[in-house]
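Trainee: build me a model from this:
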Amino acid sequence: MKSGFVSILGRPNAGKSTLLNALIGEKVAIVTPKAQTTRTRIHGILEVAASKGRHQAAQIVFVDTPGVHAPGTLLDKRMMQEVYDALETRDIVVLIVDATRNYHLASPPRPKPSDGTEDVDGLKPAASSNKENKSQFTKSQKEREEDEFVFRLVRKLDCPVFLLINKIDLVTSEKLAPLIAQLSAQHHFTEVIPISATKRKGLDILVERLIAHLPVGERYFPKDQFTDQPERFMVAELIREKILLETGEEVPYASAVVVEKFEEPPPPPKNPRPLKAGQLPPKLPVTKIAAAIYCEREGQKAILIGKGGAKLKAIGTAARKEIESLLGTRVFLELFVVVEENWRESRGFLQTLDWRNQLD
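Mentor: As a prediction, this is how the structure comes out:
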């Protein structure tokens, strides 16, 4: 069989997490319209049966990464480190771009610098990451610099790289054709595939082509496993998703969620008694969860709680429904808001957010 790791790379809002969920057929990663929703590497595991005359059986481990952006806070830098770590252990990289955007990219690609400055080798954004120069660039200029940074990063890779043109359902063929030509000229891509992650267009072709380029190997995960994330982390992410959806621009990027209590119900009896005629089935067991929502200022705390606690209640109600679907139990969810000033610049606090450290 074929097996390997496929890293999903792209700018914020390109549709990486939507693509991951569509490929796996499960909600592995949270999705919101806000940039920087994904903060860590997320593995989604796809088991593919052999198809006679088309492809071998395969296990593809997709690795969703944070959106590539110029880092500002220590949190941003840790997110970009997640990107670099994912690129170190990959067999294939897929670069996903948004077909609805306009790209103003340098052509031909810039050569590797010879003056000793870090650019391609250092995998660092150019001027947009320099705080002193930020004010000199307009929004479109910053976007261009970060777009070019992504392509410079891709050119450094020594593995197959696929270019995925996402959201093709939102553009006309007249716009799509020149866009494909423009972006294809930025790198010698192994494959260029137009897709729509939300409509699942082009995904079967994508999977077939990925399998063709994966090495022969053994499974990395059990056949029926679709992610390596623990339930506690997925619960925290679902709560954070509702914060992103329920609040405005001030709060989302300054919020974090830590599950403080996760009490699973006792296992059901091995030999349950059969139901009598007219008897209702027993209620589902209850999982008790308490989670802290961290923010950086008292004003943000007030927004998260809302008038009379209405906003916090709305966040909890929306999150509880999805958590119940995830766990297959009823859920008692308790949320409370804590102010932790400048947590995005606290190395110790950021380490506590990493679920891999929580397992340790």
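
Trainee: tell me the SS of the residue nearest to residue 78 when sequence neighbours are not counted?
Mentor: Leaving aside its sequence neighbours, residue 78 sits nearest to residue 350 (Cβ to Cβ, 6 or more residues apart in numbering; 5.7 Å). In this view, the C-beta of every residue, glycine as well, is placed from N, C-alpha and C. Under DSSP: H, G, I helix; E, B strand; the rest coil, residue 350 falls in the helix class.

Trainee: confidence score at residue 350?
Mentor: What the model reports as pLDDT for residue 350 is 88.

Trainee: looking at it, it is touching residue 77, isn't it?
Mentor: No: contact criterion Cβ atoms under 8 Å: residue 350 and residue 77 do not qualify, at 9.5 Å.

Trainee: pick out whichever of those two has more residues nearby.
Mentor: residue 350 (20 against 14; other Cβ atoms under 10 Å).

Trainee: what's near enough to touch that one?
Mentor: Listed by Cβ atoms under 8 Å, 6 or more residues apart in numbering, the contact partners of residue 350 are 74, 75, 78, 343, 344.

Trainee: what do you get for residue 87?
Mentor: 7, 9, 93, 153, 157.

Trainee: any buried residues in the helix or strand hosting residue 174, and which?
Mentor: Assigned by DSSP states H and E, residue 174 belongs to helix 173-184. By 16 or more other Cβ atoms under 10 Å, the buried positions in helix 173-184 come out as 176, 179, 180, 183.

Trainee: with stretch 335-355 instead?
Mentor: 335, 337, 340, 343, 344, 349, 350, 353, 355.

Trainee: for the helix or strand containing residue 233, name the packing helices and strands.
Mentor: Using DSSP H and E, residue 233 sits in helix 231-246. For helix 231-246, the packing partners by 3 or more Cβ pairs under 8 Å, 6 or more residues apart in numbering; DSSP states H and E come out as strand 256-263, strand 286-295, helix 310-327, helix 355-359.

Trainee: now the angle from the second one to strand 256-263?
Mentor: Which is strand 286-295. 160 degrees (axes from the mean of the first three to the mean of the last three Cα atoms, to 10 degrees).

Trainee: got it, and the third one?
Mentor: Computed with the same axes, to 10 degrees, the direction of helix 310-327 lies at 60 degrees from that of strand 256-263.

Trainee: and the next element down the chain from helix 310-327?
Mentor: That would be, after helix 310-327 and using DSSP H and E, strand 330-339.

Trainee: strand partners (parallel or antiparallel) of that following strand?
Mentor: strand 286-295 (parallel) (DSSP bridges).

Trainee: thinking again about what came up before, what's the most buried one of the helices and strands packed on helix 231-246?
Mentor: strand 286-295 (a mean of 20; mean count of other Cβ atoms under 10 Å).

Trainee: mean confidence score for the helix or strand following that strand?
Mentor: Going down the chain from strand 286-295, the next helix or strand is helix 298-305, by DSSP H and E. Averaging pLDDT along helix 298-305 gives 94.

Trainee: and helix 298-305 with helix 231-246, angle?
Mentor: 100 degrees.

Trainee: and helix 298-305, C-alpha only, in PDB?
Mentor: Included here for helix 298-305 are C-alpha records, laid out as PDB according to Å, rounded to 0.1, in the frame of the first residue of the first chain:
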ATOM      1  CA  GLU A 298     -11.000  43.400  31.300                       C
ATOM      2  CA  GLY A 299     -12.800  45.000  28.400                       C
ATOM      3  CA  GLN A 300     -12.500  41.800  26.400                       C
ATOM      4  CA  LYS A 301     -13.800  39.800  29.400                       C
ATOM      5  CA  ALA A 302     -16.900  42.100  29.500                       C
ATOM      6  CA  ILE A 303     -17.400  41.400  25.800                       C
ATOM      7  CA  LEU A 304     -17.100  37.600  26.200                       C
ATOM      8  CA  ILE A 305     -19.600  37.600  29.100                       C
END
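
Trainee: on contacts alone, who are the packing partners of it?
Mentor: Using 3+ Cβ pairs under 8 Å, 6+ apart: helix 298-305 touches strand 286-295, helix 310-327, strand 330-339.

Trainee: got a list of contacts for that helix?
Mentor: Residues contacting helix 298-305 (Cβ under 8 Å, 6+ apart): 243, 247-248, 250-251, 254-255, 293, 295, 311-312, 315, 337-339.

Trainee: give me the below-cutoff pLDDT ranges for the protein.
Mentor: By pLDDT under 70, the low-scoring segments of the chain are 107-139, 279-280, 355-360.

Trainee: now the strands for it?
Mentor: 2-10, 42-48, 58-64, 92-98, 161-166, 191-194, 256-263, 286-295, 330-339 (DSSP state E).

Trainee: elements contacting the fourth one?
Mentor: Right, the one you point to is strand 92-98. By 3+ Cβ pairs under 8 Å, 6+ apart, strand 92-98 packs against strand 2-10, helix 139-155, strand 161-166, helix 203-213.

Trainee: and the longest one with strand 92-98, angle?
Mentor: Going back to what we said before, that points to helix 139-155. Going by the same axes, to 10 degrees, helix 139-155 makes 160 degrees with strand 92-98.

Trainee: check which residues of helix 139-155 are buried.
Mentor: Buried residues in helix 139-155 (16+ other Cβ under 10 Å): 142-154.

Trainee: how far away is the nearest residue to residue 1 once chain neighbours are set aside from residue 75?
Mentor: Once flanking residues are discounted, residue 1 sits nearest to residue 57: 4.3 Å by Cβ to Cβ, 6+ apart. Residue 57 sits 40 Å away from residue 75, going by Cβ to Cβ, to the nearest Å.
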